[in-house]
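Participant: here is my input; please provide its structure:
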Amino acid sequence: MTARVRKAVIPAAGLGTRFLPSTKAIPKEMLPVVDKPAIQYVVEEAERAGIHDILMVTGRNKAALEDHFDRHWELEQALERKGDHMRLRRVQKSANLGNVHFIRQGEPRGLGHAVLCAKTHVGDAPFAVLLGDDLIDQRDPLLDSMIETQERYGGSVVALMEVPEDQIHLYGCAAVSSIDGADEQIVRVDSLVEKPAIGEAPSNLAIIGRYVLAPEIFEVLQHTGPGRGGEIQLTDALLEMAADPQRPGGGVTGVIFGGRRYDTGDRLDYLKAMVRLGVRHGDFGADFRAWLTSWIDSDEGRGRLVDADRAGEPEQHGG
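Facilitator: Next comes the predicted model:
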């Protein structure tokens, strides 16, 4: 048995270049997914798993993150004067999501370095790491399962998901083996490769953005040199831990996730996430679904209507 996971780290220092120019002045984590920013979904997930102490590792131009999780007294008072209690509760919710702290990474040296920045705050207990690009549906308690797995087996735990073979090169990839007496979705991680070349992946199990890490990972990260892309890779440190399960905090277990995941780090998948969550929204989901169904069957939805001024021309941007 190990100490209960009480703290979570959310790396949020990325530049969001895939969403430029939208992210030139707005942190990518603050881009809305239906009616709240992506980062709020992640913090809410940690809260549901019983984690109320959250550290965000940020960088320059990320002040909007701190503002979002702070109180906005003027706005709250204005809504209260109007009697708009529904919106007031929504505004207050983001400020009441646990105890959210912030620290700057300083320079973009990779996910492993971002996690290392959390060492002083985390201390000597296991902790969760949640990446903001991956949203996990609240109906699928992945993080709870990972925490339970870490309590049972110790070491570190990574979330794995089957992806098509032609996409595995976009992810960290795991070679795994079965564990006697464990459910099929709980596996031993024997090796890890960060973004393997096409045709060289050891499996189709991709590492997605949820981790529960033993505190000994900090010691490993301190001597982990730059890896793929010239950055300190968390995958490289986990590989060292997996290779020596007898060391303190050693061993890596995988939880194979088959639930609903929304990737907001890619423009196309971001749009898909908007639709999938939009049709389930309690206020307008049914109306949105009905409109979407009718629109798909329309000439516009079938792509039959083309702007005559731009037919055959690439999209133009700017002045």
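
Participant: counting by contacts, list what the helix or strand containing Tyr270 packs against.
Facilitator: Of the helices and strands defined by DSSP states H and E, Tyr270 is found in helix 267-278. Based on contacts counted as 3 or more CB pairs under 8 Å, 6 or more residues apart in numbering; DSSP states H and E, the elements that helix 267-278 packs against are strand 32-33, strand 261-263, helix 285-296. C-beta coordinates here come from the backbone N, C-alpha and C atoms, glycine included.

Participant: which other helices and strands contact the last one?
Facilitator: Okay, so that is helix 285-296. helix 267-278.

Participant: quick one, the helix it packs on and helix 285-296 angle?
Facilitator: Going by axes from the mean of the first three to the mean of the last three CA atoms, to 10 degrees, helix 267-278 is angled at 130 degrees with respect to helix 285-296.

Participant: tell me where the chain has strands.
Facilitator: 7-12, 32-33, 36-37, 53-58, 99-104, 127-130, 134-136, 156-162, 172-178, 186-194, 205-213, 252-256, 261-263 (DSSP state E).

Participant: which positions within the fifth one qualify as buried?
Facilitator: The reference is to strand 99-104. Val100, His101, Phe102, Ile103 (16 or more other CB atoms under 10 Å).

Participant: one step back: can you put the strands of the chain in CSV and add distance to Ile296 and mean pLDDT?
Facilitator: CSV is the format used below for the strands of the chain (distance: least, CB to CB, whole Å; pLDDT from 0 to 100):
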stretch, distance to Ile296, mean pLDDT
strand 7-12, 35, 95
strand 32-33, 21, 92
strand 36-37, 26, 92
strand 53-58, 38, 95
strand 99-104, 40, 92
strand 127-130, 34, 97
strand 134-136, 24, 93
strand 156-162, 28, 96
strand 172-178, 35, 91
strand 186-194, 39, 92
strand 205-213, 29, 95
strand 252-256, 33, 96
strand 261-263, 20, 91
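
Participant: out of those strands, which gets nearest to Gln77?
Facilitator: strand 36-37 (21.3 Å; CB to CB).

Participant: direction included, what does the closest one pair against?
Facilitator: Next to strand 36-37 in the sheet, as set by DSSP bridges, lie strand 32-33 (antiparallel).

Participant: which residues are contacting the strand it pairs with?
Facilitator: Applying CB atoms under 8 Å, 6 or more residues apart in numbering, the contact partners of strand 32-33 are Ala38, Tyr41, Leu135, Tyr262, Thr264, Tyr270, Ala273, Met274, Leu277.

Participant: please repeat the previous calculation with a cut-off of 6 Å.
Facilitator: With contacts defined as CB atoms under 6 Å, 6 or more residues apart in numbering, strand 32-33 is touched by Ala273.

Participant: can you name the residues bridging to Ile103?
Facilitator: Val57.

Participant: if I look at it, how far off is Gly14?
Facilitator: 15 Å (CB to CB, to the nearest Å).

Participant: by contact count, what packs against the worst-scoring helix or strand of the chain on mean pLDDT?
Facilitator: Least confident helix or strand of the chain, by mean pLDDT, DSSP states H and E, is helix 85-95 with a mean of 88. Helices and strands touching helix 85-95, as assessed by 3 or more CB pairs under 6 Å, 6 or more residues apart in numbering; DSSP states H and E, comprise helix 73-82.

Participant: how far off centre is the helix it packs on?
Facilitator: Mean-position distance between helix 73-82 and its chain equals 32 Å (CA atoms, centre = their mean, to the nearest Å).

Participant: what residues does Lys119 make contact with?
Facilitator: Phe218.

Participant: again, but for Tyr270
Facilitator: Tyr270 touches Thr264, counting by CB under 6 Å, 6+ apart.

Participant: how about the helix holding Tyr270: buried residues?
Facilitator: Tyr270, Ala273, Arg276, Leu277, Gly278.

Participant: what are the bridge partners for the residue nearest to Val176 when sequence neighbours are not counted, then?
Facilitator: Leaving out its chain neighbours, the residue that sits closest to Val176 by CB to CB, 6 or more residues apart in numbering is Val187, at 4.0 Å. Under the criterion DSSP bridges, Val187 forms beta bridges with Ser178, Gly254.

Participant: I figured Ala175 hits Asp190, correct?
Facilitator: Yes: if you go by CB atoms under 6 Å, Ala175 and Asp190 touch, sitting 4.9 Å apart.

Participant: rewinding a little: want to throw the strands of the chain into a markdown table with distance to Thr149?
Facilitator: Shown next, in a markdown table, are the strands of the chain (distance: least, CB to CB, whole Å):
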| stretch | distance to Thr149 |
| --- | --- |
| strand 7-12 | 16 |
| strand 32-33 | 28 |
| strand 36-37 | 29 |
| strand 53-58 | 21 |
| strand 99-104 | 25 |
| strand 127-130 | 12 |
| strand 134-136 | 15 |
| strand 156-162 | 5 |
| strand 172-178 | 13 |
| strand 186-194 | 6 |
| strand 205-213 | 8 |
| strand 252-256 | 6 |
| strand 261-263 | 18 |
